[in-house]
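Chemist: Got a predicted model here, sequence first, then my questions.
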Amino acid sequence: MVLPTITGNLFDTNTSLGAVITPLFIGVVTIIVANLANYILKKGLKTAEHTLEKHHKRLEDAYHRNKIAAEKTKFTFMRRIIVGIIYLVGIILIISSIPSLKTFSYSLLAGAGVIAIIIGFATQKTLANLIAGFMISISQPFRVGDRVRFKEEYGVIQDITLRHTVLKTWDNRHVIIPNAMINEEVVNNYTLGDERILATVEIDISYDSDIDLARKIMTEEIMKHPKFIDNRTDVDLLAGKDPIKVRVVSCGDFSVKLRGYYWVPDPPSNLVSGYELIESIKKRFDKEGVEIPFPYRTVVYKKDIKKPRRLVKEKRAAKKAAKKTKKK
């Protein structure tokens, strides 16, 4: 008979002890339930992702790789929404369990229209980010794990939260971008679909150098590079098209610019292969006598320039006229 009485007193909000214990109990339960739901959802995501990866390895197709990225993005966003709803329900229960706050909440409801307008103006950016995050998770212009370029930043989408998107850059920086901003800007997604990219390498040669020899060296060095891929179709092969194009793109003041076009498997390979090819092509040019020129400038001093005869005669006449004037 004592235990029910004590239990009743503990959770009776009309008593001073119950008014303190009940909100604390609801708060602790809310935190436990939210963390447990978060853990279970994370565990379920990892299990589903592992299953899809095994299936993808067995079939070796791109469909399941894209499916993994799509499901991971949806699951990550929905997990955060569910956890947020649990916390919201917990806060509502805590408010309703405190008599003073309960009365205050009724008075708030009476002016809900005015408060809604005030809250709407105060939190319009937050709501915009929330709605944008929801639209991103549904339409999926990019997904968790995709390689993207946003403005001047290039990296991998690491997380999509209710408010912002986390972009991990190639130099290990974490860029936090509000969902409303990234939803309105142009985002280059290199992972969506085919990751192959047309890369270029440029190098200048002198006007005295053999263009055909330089083109041959550049073609050979590009084809030897481990990141080079032959992107020709069967029709191109039958037509005898070259896998690499090296073209003269401009003639400058002291050099001829050559540009080589070739395919690589992904954007990171574009950057690395470009640096390595400039080095290897330069070494081949040195061996085979293709010159990479320095800027040439011809300097002419003003005193060395011969003046026209007419100007010389006019100058002498002016001097004679000046002398006559002085004598008079």
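Modeler: The structure has been received and is ready for your questions.
Chemist: Flag the shaky bits of the stretch 151-300 of the chain, pLDDT-wise.
Modeler: Counting by pLDDT under 70, the stretch 151-300 of the chain has low-confidence residues at 296, 300.
Chemist: what about the strands in it?
Modeler: Ranges of strands within the stretch 151-300 of the chain are 153-160, 164-169, 174-178, 187-189, 197-205, 245-251, 256-264, based on DSSP state E, counting those that start in this stretch.
Chemist: Let's have these in CSV, adding mean neighbour count and distance to residue 271.
Modeler: All C-beta spots, glycine's among them, are computed from the backbone N, C-alpha and C. Shown next, in CSV, are the strands of the stretch 151-300 of the chain (neighbours: other C-beta atoms under 10 Å; distance: least, C-beta to C-beta, whole Å):
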stretch, mean neighbour count, distance to residue 271
strand 153-160, 18, 9
strand 164-169, 19, 13
strand 174-178, 15, 18
strand 187-189, 16, 15
strand 197-205, 17, 9
strand 245-251, 13, 20
strand 256-264, 19, 9
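Chemist: Pipe these into a markdown table and attach distance to residue 220 per row.
Modeler: Listed next are the strands of the stretch 151-300 of the chain as a markdown table, based on distance: least, C-beta to C-beta, whole Å:
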| stretch | distance to residue 220 |
| --- | --- |
| strand 153-160 | 30 |
| strand 164-169 | 35 |
| strand 174-178 | 40 |
| strand 187-189 | 32 |
| strand 197-205 | 13 |
| strand 245-251 | 10 |
| strand 256-264 | 11 |
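Chemist: now for those strands, which one comes closest to residue 284?
Modeler: strand 197-205 (10.5 Å; C-beta to C-beta).
Chemist: Spit out the contact partners of residue 41.
Modeler: 75, 78, 79, 82 (C-beta atoms under 8 Å, 6 or more residues apart in numbering).
Chemist: ok, residue 90 touching residue 34?
Modeler: Yes: the pair residue 90 / residue 34 is scored as a contact, 7.5 Å apart, by C-beta atoms under 8 Å.
Chemist: low pLDDT regions in the stretch 1-150 of the chain?
Modeler: 1-20, 48-74, 98-124.
Chemist: Now with 80, please.
Modeler: Where the stretch 1-150 of the chain drops to pLDDT under 80, the residues are 1-24, 38, 41-81, 84, 88, 90-127, 134, 137-139.
Chemist: just the helices in the stretch 201-328 of the chain please.
Modeler: 211-224, 234-239, 267-288, 309-327 (DSSP state H, counting those that start in this stretch).
Chemist: same deal with the stretch 51-200 of the chain?
Modeler: Shown for the stretch 51-200 of the chain, the helices assigned by DSSP H, counting those that start in this stretch span residues 62-97, 99-110, 112-122, 124-139, 179-184.
Chemist: Need the residues that contact the last one.
Modeler: Helix 179-184 has contacts (C-beta under 8 Å, 6+ apart) with 125, 128-133, 135-136, 150, 160, 163-165.
Chemist: could I get those as JSON lines with distance to residue 191?
Modeler: Formatted as JSON lines, those follow (distance: C-beta to C-beta, whole Å):
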{"residue": "125", "distance to residue 191": "29"}
{"residue": "128", "distance to residue 191": "26"}
{"residue": "129", "distance to residue 191": "24"}
{"residue": "130", "distance to residue 191": "25"}
{"residue": "131", "distance to residue 191": "25"}
{"residue": "132", "distance to residue 191": "20"}
{"residue": "133", "distance to residue 191": "19"}
{"residue": "135", "distance to residue 191": "19"}
{"residue": "136", "distance to residue 191": "15"}
{"residue": "150", "distance to residue 191": "14"}
{"residue": "160", "distance to residue 191": "14"}
{"residue": "163", "distance to residue 191": "23"}
{"residue": "164", "distance to residue 191": "20"}
{"residue": "165", "distance to residue 191": "15"}
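Chemist: Of those, which qualify as buried by neighbour count?
Modeler: Burial by neighbour count, judged by 16 or more other C-beta atoms under 10 Å, picks out 128, 129, 130, 132, 133, 136, 150, 160, 163, 164, 165 from these.
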